[in-house]
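**Q** Provided below are the primary sequence and the corresponding predicted coordinates.
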Amino acid sequence: MKRFLTVGDIGDLDAALKEAAEVKKTPFAWQNLGHNKTIIIIFFNSSLRTRLSTQKAAMNLGMNTIVLNIGSDSWKLETEMGVVMDSDKTEHLREAIPVIGSYCDIIGVRSFAKFEDRDAEYKETIINQFIQYSGRPVISLESATRHPCQAFADLITIEEYKKVKRPKVVLTWAPHPRALPQAVPNSFAEWMKAADVDFTITCPEGYDLAPEFMQGAHLERDQKKAFEGADFIYAKNWSSYEQYGQILGDCHDPRFMKWTVDAEHMSWTNDAKFMHCLPVRRNMIVTDEVIDSANSIVIPEAANRVVSAQVVIKRMLESL
Ligand code: SN0
């Protein structure tokens, strides 16, 4: 495996889930695979789960890990091509990427959408530069449009907790005070459409995901109808794609506050499990009562981030 960005990069999902179960059962069975191999993981943005789970996954495989925080640990990097570099950015990605590539065997990159240029961001110009210029396999640790390690962990979690062969999975928008990326819901939609689940998206007008991610998913504008019969509720906030990167009203506005997942919302479901990628704003996205309930699986979901990362890194090591 040379890159991990889209669901297509993982290939057959049943095979990937089988491999995930094996990795989870015997995480140290491939310790020799990573011997004397190095992964560099690069963060343009904050992280807790991604940073720790990727390091842990690499350590389980016997690798060495180097973490680089752009801006605080390194020079500030210029990411635009063809610019006159007279700002505070000292070094261009065009040099930094091949240099980083020369120090390691695998690269992971986190680089959120900045909501400046929708077309450039939806073309994934930053992670594509890493793919093009590093000479190494590249893992997206959340790029402008996708968060595949999260979506793979979500799929593993659904597989573990499902009670019926083809569960109903609902992605619901929920309110938040800040403008957040579309990467998590985009990837979740992409993976759920490829998986054997009955998938519904519910969100207010103006918050539809980009057409390529909505296409093939069932959209139900009425949140209550969407929740009916659900086996999994996956809550997430995202900013508008149409009015790119905007939030379309105050999060305390009752029109949006009513989207917060509370006990009444969960009562509409088929005793659904509650999921969220974390970090989560309590009593904004979800009430304390729901996230602290026995139906909340956010912690095992986060634990599965090690498993998804390990399958991806293992496959990359196997194809070096
Ligand atoms: C990121 C997002 O894409 O929504 C990372 C999720 C894995 N979330 C945030 O940036 C949350 C920030 C906040 O202020 O709550």
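**A** Nice, thanks for sending it over.
**Q** Okay, strands next: where are they in the stretch 51-200 of the chain?
**A** 64-69, 77-78, 91-92, 106-110, 138-140, 168-173, 198-202 (DSSP state E, counting those that start in this stretch).
**Q** which other helices and strands contact the second one?
**A** Other helices and strands packing on strand 77-78, by 3 or more C-beta pairs under 8 Å, 6 or more residues apart in numbering; DSSP states H and E, are strand 91-92, helix 93-102. For every residue, glycine as well, the C-beta is placed using N, CA and C.
**Q** Can you list the strands that that strand pairs with?
**A** strand 91-92 (parallel) (DSSP bridges).
**Q** what's in contact with the strand it pairs with?
**A** Ser74, Trp75, Lys76, Leu77, Glu78, Met85 (C-beta atoms under 8 Å, 6 or more residues apart in numbering).
**Q** starting at the chain centroid, how far to that strand?
**A** 27 Å (C-alpha atoms, centre = their mean, to the nearest Å).
**Q** mind giving me the domain ranges of this structure?
**A** The chain breaks down into these domains under automatic domain parsing: 3-146+302-319, 150-301.
**Q** Tell me where the protein has helices.
**A** Along the chain, counting by DSSP state H, helices occupy 13-25, 49-60, 93-102, 118-122, 125-133, 148-161, 183-194, 211-214, 223-227, 254-257, 263-267, 288-291, 298-318.
**Q** Which one, of the strands of the stretch 51-200 of the chain, ends up nearest to His147?
**A** strand 138-140 (7.2 Å; C-beta to C-beta).
**Q** re the thing from before, for ChimeraX, what selects the buried ones among the contacts of strand 91-92?
**A** To isolate the buried members of these in ChimeraX, using 16 or more other C-beta atoms under 10 Å:
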select :77,78
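**Q** could the contacts of strand 91-92 go into JSON lines alongside pLDDT and distance to Arg94?
**A** Output for the contacts of strand 91-92, formatted as JSON lines (pLDDT from 0 to 100; distance: C-beta to C-beta, whole Å):
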{"residue": "Ser74", "pLDDT": "86", "distance to Arg94": "15"}
{"residue": "Trp75", "pLDDT": "90", "distance to Arg94": "13"}
{"residue": "Lys76", "pLDDT": "91", "distance to Arg94": "15"}
{"residue": "Leu77", "pLDDT": "92", "distance to Arg94": "10"}
{"residue": "Glu78", "pLDDT": "94", "distance to Arg94": "9"}
{"residue": "Met85", "pLDDT": "97", "distance to Arg94": "11"}
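**Q** Residues of the stretch 51-200 of the chain that sit close to the ligand?
**A** Selection of the stretch 51-200 of the chain residues close to the ligand by C-beta under 6 Å from any ligand atom yields Arg178, Leu180, Pro181, Ala183, Val184.
**Q** Having no further points to raise, I will conclude here.
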